[in-house]
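Student: starting from these lines, generate the structure:
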Amino acid sequence: MTDPVSRTILLLDIERFSDRDDVEQAYLRRMLYDVTDRALEAAGIDETLRARADRGDSVMELIDANAPVTALLRALLTEVPAQLRAVNRMASRSAQMRLRGVVAGGYVAVDRHDGWVGTDLNHACRLLDAALLRAALREREDDFALCVSDSVYTGVVRHDHPGVPAAGFHRMAVDSKNGLLTAWLHGPVPENSGDRSEGCEDPGDRGAGEAPGGSGDRPAPAARSHQDGPHQSRPAPAAHRGAPAPGPVLDISGGTVSFGGGYVAGDQHGVSGGEVTGDVVMGGKTERSERP
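Tutor: Next up is the predicted model:
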């Protein structure tokens, strides 16, 4: 096996390739090679700077580390969608071609069987097969969905080079058998894809009617009196005809308790069942209720 060398990794894959018959698959493979070659030529990357591996419904390109990644990304964001529109405009429905793409960087070695090996290459393949990238392509009106590895985003994309807008890429987390992988998707991140996107919260994580700061598993805190005083809560007595449903009853001895902006003051004892006796002061007005 050769020593690992640094390469830019480009992967392109045809959507729903196995659903086509042999004639359609052969046509799609020709179009895939043509679109790939045109994009790389537009980026100024000729055949001397790259090596290709055929994977049937996908193509893998190992590109010399000295070739500018910015030029490659600009070509992928402009040339590939334009080429796909031109191809699909003249193709039948069964021969339409849509692509997923990944750009990554890392070290790759070649074994004695001319096979490519390397952890960075494995991670790029996991991104290409991610449910999140597949879902993104399904939701696009365009025929191309592209994501880049975290290292490509950090080293190139986030610097907002001309033609490679950093704001157009959104972070996503991909679950794979190699663990959690971070990547950056060009365009909106889809929801409910099986993978995770940065900053998304499952609405089911918050209980309905949860009190602010609560967990959803407990009620909101009981109201506290303006002045400290002995108080306790106990179960309400059993309901009787015409009485409200059982619920907690608050016995208050002394102090002032606020209710919705007003307060109850004086010698109130045993406020329950919706009946208040004595002087009640609410919002600056005094209401006197007679004891029965």
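
Student: other SSEs contacting the longest strand belonging to the chain?
Tutor: Assignment by DSSP state E gives strand 99-110 as the longest strand of the chain. Helices and strands touching strand 99-110, by 3 or more CB pairs under 8 Å, 6 or more residues apart in numbering; DSSP states H and E, are strand 5-14, helix 69-90, strand 116-117, helix 119-128, helix 131-139, strand 144-149, helix 150-155. For every residue, glycine as well, the C-beta is placed using N, CA and C.

Student: which strands or helices does the longest one pack on?
Tutor: This points to helix 69-90. Using 3+ CB pairs under 8 Å, 6+ apart: helix 69-90 touches strand 5-14, helix 22-42, strand 99-110, strand 144-149.

Student: now Ala42: how far from Gly101?
Tutor: Distance of Ala42 to Gly101, computed by CB to CB, to the nearest Å: 14 Å.

Student: repeat for Arg30
Tutor: Distance from Arg30 to Gly101, by CB to CB: 18 Å.

Student: Ala42 and Gly101: which is more packed in?
Tutor: Gly101 (24 against 18; other CB atoms under 10 Å).

Student: where does pLDDT dip in this structure?
Tutor: 178, 192-292 (pLDDT under 70).

Student: try it again with 50
Tutor: 197-253, 257-272, 275-276, 280, 284-287, 289, 291-292 (pLDDT under 50).

Student: ok, the residue nearest to Ala109 when sequence neighbours are not counted - how many residues close by?
Tutor: Nearest residue to Ala109, sequence neighbours excluded (CB to CB, 6 or more residues apart in numbering): Pro4, at 4.4 Å. Other residues near Pro4 come to 16 when the count uses other CB under 10 Å.

Student: hang on, isn't Pro4 packed against Val110?
Tutor: No - counting by CB atoms under 8 Å, Pro4 sits too far from Val110 to count as a contact (9.3 Å).

Student: how near is the residue nearest to Ala130 when sequence neighbours are not counted to Gly101?
Tutor: Counting by CB to CB, 6+ apart, Ala130 lies nearest to Val174, which is 4.4 Å off, once chain neighbours are set aside. Noted for Val174: a distance of 15 Å to Gly101, by CB to CB.

Student: Ala82 too?
Tutor: Ala82 is 14 Å from Gly101, by CB to CB.

Student: again with Arg112
Tutor: From Arg112 across to Gly101, the span is 30 Å (CB to CB).

Student: got it, and Phe17?
Tutor: For Phe17, the distance to Gly101 - CB to CB - is 15 Å.

Student: with Ala167 instead?
Tutor: 19 Å.

Student: and Leu11, by the same measure?
Tutor: 7 Å.

Student: just Val157 next, same as before
Tutor: For Val157, the distance to Gly101 (CB to CB) stands at 14 Å.

Student: repeat that for Val110.
Tutor: Val110 is 23 Å from Gly101, by CB to CB.

Student: same check, this time on Leu77
Tutor: 10 Å.

Student: helix, strand or coil for the residue nearest to Leu73 when sequence neighbours are not counted?
Tutor: Once flanking residues are discounted, Leu73 sits nearest to Val164: 4.8 Å by CB to CB, 6+ apart. What DSSP: H, G, I helix; E, B strand; the rest coil gives for Val164 is coil.

Student: OK, contacts around Val164?
Tutor: Residues in contact with Val164 (CB atoms under 8 Å, 6 or more residues apart in numbering) are Thr70, Leu73, Arg74, Leu77, Val156, Val157.

Student: what number of residues lie near the second one?
Tutor: Taking other CB under 10 Å as the neighbour definition, Leu73 ends up with a count of 22.

Student: also the third one?
Tutor: One way to gauge burial is a neighbour count; for Arg74, by other CB under 10 Å, it gives 18.

Student: what about the residue nearest to it when sequence neighbours are not counted, distance to Ile9?
Tutor: Among residues not flanking Arg74 along the chain, Gly163 sits closest, at 3.9 Å (CB to CB, 6+ apart). Using CB to CB, Gly163 is found at 20 Å from Ile9.

Student: ok, Leu77 next?
Tutor: Distance, Leu77 to Ile9, using CB to CB: 17 Å.

Student: more crowded one of these two?
Tutor: Neighbour count, other CB under 10 Å: between Leu77 and Ile9, Ile9 has more, with 25 against 18.
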